[in-house]
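Engineer: sharing a model prediction with you, sequence too.
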Amino acid sequence: MRGQLRHSRSPWLFALGLAIATSACENDGPVLPAQLDGVVYMNARAYTQNATRDEVSALVVRDGVFEYVGELAGAQPYIDAGYQAVDLGGRMVLPGLHDNHIHVMGAAPLNVCDLQGLGVDLGELATTVTDCVPKYAPTADQWLVVSQWAPYYGNEPTAEYPTIRAALDAAAPDNPVALQGTDAHTNAYNSKALALAQDPSGKVVGFNEKTLGPGGVFEQYAPYVNLETGVIREDARSAIPAPDYSNVLFVPDTEQARTLYGEILPDIDLMMASRGITSIQDACATDFVRGQLQAMQDRGLLHMHVTEAICFIDEDYAGTTDIDKHIEKAKSVRAALEGNPLIKADVVKIFADGVLEGDPFTDPPFVPNAGMIANYQIPHLHLDDKTGDVTILANSEDSGNNGLVNYDTAKLEDYVSAIDAEGFGVHIHAIGDRTTRVALDALQTARDRNGETGNPATFAHLQIVHPDDQARLGELGVFLAFTYSWIGAIKDYDLLVTPFVEASKEGQDIHAFLYDTQSYSWANTYPVETTRKAGAILVAGSDVPVESRDPRPFLNITRGVTRIADDGLAYNSAQSASLEEILAAYTINGARGVRTDAYTGSLEVGKSADFIVLDRNLFDLVAQGRPGDMADTIVELTVFQGNEVYRKPEE
Ligand SMILES: [Zn+2]
């Protein structure tokens, strides 16, 4: 850090510092170099995100840090001293954005067959797959893996293809095909692929009525396999040996994977810089992901501060976590990065449950698996293929099942306590309300055992949280990584969740059912504002590539404020955050959540000169009653450590 001018807020002090710089007698900081290569950014509307949330008009940058932050008059001495002056023309300036839950290796498409998350009907699906076969699986029996398939949108049957399986069979009769769902929990396969399922000894026995039936080798997978459609969920997918390069959580650390990803590292760098993101927490840093982040740095493609959440996803879901082994591994990963200027690994990730999406239109309905306090309902819905209308045919029933939490309370208490005791932050994937409750119990136990260590705890997703636990999230000061872009009334999506959480009645209007303002779901889905008011700290996480490879920070900011998605209805506007709070989530709170606030997260003297210039002023849009227009915000300039790393191309 530059000691000399760190506190030079006043021009008088600056002048003094300059005058005595050559003698360096004032303090032990470095002396000013003879050549002044600093830059003054002037005429900004810069929102500093400092403790008093000051707005200033000038930023002075040199040697990668802010040398001065304040009004233009105070920057004049720097201009006089020969610093380059850049006029920002009244543009909005923010600190570089923090994405505290991202799987960054998913931020650009691989050169593989890719559906880009677009919901397409089965005719279009067949066309895409037909086109991909000669390019990506030119010989018979070669695997065709199709990435970014949308399990919850599109997939409408056509006259020719009644099911996904039929469409894939017609499109690729000679090759096994695997569609990888954007949700990372759902795949679909053709008949050739289903026939390749292997039993635990590695023998090819296939998924069929016999192997999935009573006494069959895959009997336990039966609820997760739909032979008619070819859709397979969760762990059942592991029986089919499709090479899985595009699901970033499960990419094997092989030569082929390194080659495929090596091609897209520049695209990832560009994606992040163009969205104004200069700090991330990779939410599942496997050995492969860590290797690729290192490769980005080695190739000069890393323009972000990176916190790696060390990840043991297989053990979390298999229930085989060996706490001592994980701590030992985490410590060695952390130690190996000691002194790295951009990458650190001081967080351990825990996947504590699955997801809250089911499928009410299969027979029987596929029930979600996230850990809930109440049992899931089994709905009886009918979808009219022609009109798209959904009707409730009969009263829902109690399924007798409230989902899964991957850890029992005692084990999670021991694990979280051990993580905290060794100085790591903990980052917990918690979707269902029971999972959040168990995670809070574990965190409370860790605090009781270890005292207040100050190591941050982040919970991600928090789709439904019980009111008691909303208060506890506040009491324990948990950092909450909501993906705000997922908030809003989105009927196609809500149909996959609400009918399993709320009891439905025969003949009830579907819209009235989904958006019943008296329901538990309405009050407690993504409870942003009640948790914040209780004392929890909002951060932001795009969860790229789930749903989108683009981290879409301005869509997230917009929906955090409006809670309005495409359907136009605000999903419980009482939980809307203010723009101020969402911007704090994306900046200073994000920095605190990964313990980089000493040098990132705000525009303050001495901090890393990471900032972005926007094409519009978000506060003006809110004041004008046009918050929805924030979603189209374009980043014109991204500066990281004082260097321009992205500039919007000229039109
Ligand atoms: Zn995630």
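Structural biologist: Cool, got the structure.
Engineer: which parts of this structure sit against the ion?
Structural biologist: 283, 543 (Cβ under 5 Å from the ion). Any C-beta I mention is one placed from the backbone N, CA and C, and that applies to glycine too.
Engineer: recalculate using a threshold of 8 Å.
Structural biologist: Applying Cβ under 8 Å from the ion, we find that the chain lies next to the ion at 101-103, 184, 249, 283-284, 429, 460-461, 541, 543, 546.
Engineer: quick one, which of these are buried?
Structural biologist: 101-103, 184, 249, 283-284, 429, 460-461, 541, 543, 546 (16 or more other Cβ atoms under 10 Å).
Engineer: return the subset of these lying in strands.
Structural biologist: 101-102, 283-284, 429, 460-461 (DSSP state E).
Engineer: give me the neighbour count for residue 235.
Structural biologist: If you count neighbours by other Cβ atoms under 10 Å, residue 235 ends up with 15.
Engineer: which stretches in the stretch 301-450 of the chain count as helices?
Structural biologist: 313-318, 323-336, 409-421, 433-450 (DSSP state H, counting those that start in this stretch).
Engineer: what's the first one in contact with?
Structural biologist: Right, the one you point to is helix 313-318. 235, 249-250, 284, 286, 320-322, 326, 349-352, 406-407 (Cβ atoms under 8 Å, 6 or more residues apart in numbering).
Engineer: now do 7 Å
Structural biologist: 235, 249, 284, 321, 350-351, 406 (Cβ atoms under 7 Å, 6 or more residues apart in numbering).
Engineer: helix/strand/coil for residue 193?
Structural biologist: Secondary structure, DSSP: H, G, I helix; E, B strand; the rest coil: residue 193 is helix.
Engineer: which residue, other than its chain neighbours, is closest to it?
Structural biologist: Leaving aside its chain neighbours, residue 193 sits nearest to residue 176 (3.8 Å; criterion: Cβ to Cβ, 6 or more residues apart in numbering).
Engineer: how far away is that neighbour from the ion?
Structural biologist: Remark: distance between residue 176 and the ion (Cβ to the ion, to the nearest Å) = 28 Å.
Engineer: so what's that residue up against?
Structural biologist: Shown in contact with residue 176 (Cβ under 7 Å, 6+ apart): 143, 190, 192-193, 196.
Engineer: export the contacts of helix 313-318 to JSON lines and tack on distance to residue 148 and pLDDT?
Structural biologist: Below are the contacts of helix 313-318 laid out as JSON lines (distance: Cβ to Cβ, whole Å; pLDDT from 0 to 100):
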{"residue": "235", "distance to residue 148": "21", "pLDDT": "87"}
{"residue": "249", "distance to residue 148": "14", "pLDDT": "88"}
{"residue": "284", "distance to residue 148": "18", "pLDDT": "98"}
{"residue": "321", "distance to residue 148": "30", "pLDDT": "97"}
{"residue": "350", "distance to residue 148": "26", "pLDDT": "98"}
{"residue": "351", "distance to residue 148": "21", "pLDDT": "97"}
{"residue": "406", "distance to residue 148": "26", "pLDDT": "97"}
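Engineer: quick one: mark the members of the residues you listed that sit in strands.
Structural biologist: Applying DSSP E to those, the entries found in strands are 284, 350-351.
Engineer: once you drop chain neighbours, what's closest to the most centrally placed residue in the chain?
Structural biologist: Nearest to the mean C-alpha position of the chain, by Cα atoms, centre = their mean, lies residue 543 at 1.5 Å. What sits nearest to residue 543 in space, not counting adjacent residues and going by Cβ to Cβ, 6+ apart, is residue 483, at 4.8 Å.
Engineer: confidence score at the closest residue to residue 185 other than its chain neighbours?
Structural biologist: Sequence neighbours aside, residue 355 is the residue nearest to residue 185 in space, at 5.3 Å (criterion: Cβ to Cβ, 6+ apart). Looking at residue 355, its pLDDT reads 93.
Engineer: name the residues of stretch 317-335 that are buried.
Structural biologist: Quick answer for stretch 317-335 (16+ other Cβ under 10 Å): 317, 321, 326-327, 330, 333-334.
Engineer: what residue in the stretch 451-600 of the chain comes nearest to the ion?
Structural biologist: Nearest residue of the stretch 451-600 of the chain to the ion: residue 543, at 4.4 Å (Cβ to the ion).
Engineer: what sits against that residue?
Structural biologist: Contacts here follow Cβ under 7 Å, 6+ apart; on that basis residue 543 touches 101-102, 483.
Engineer: how about those residues in a markdown table, adding pLDDT?
Structural biologist: Formatted as a markdown table, the contacts of residue 543 follow (pLDDT from 0 to 100):
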| residue | pLDDT |
| --- | --- |
| 101 | 98 |
| 102 | 98 |
| 483 | 98 |
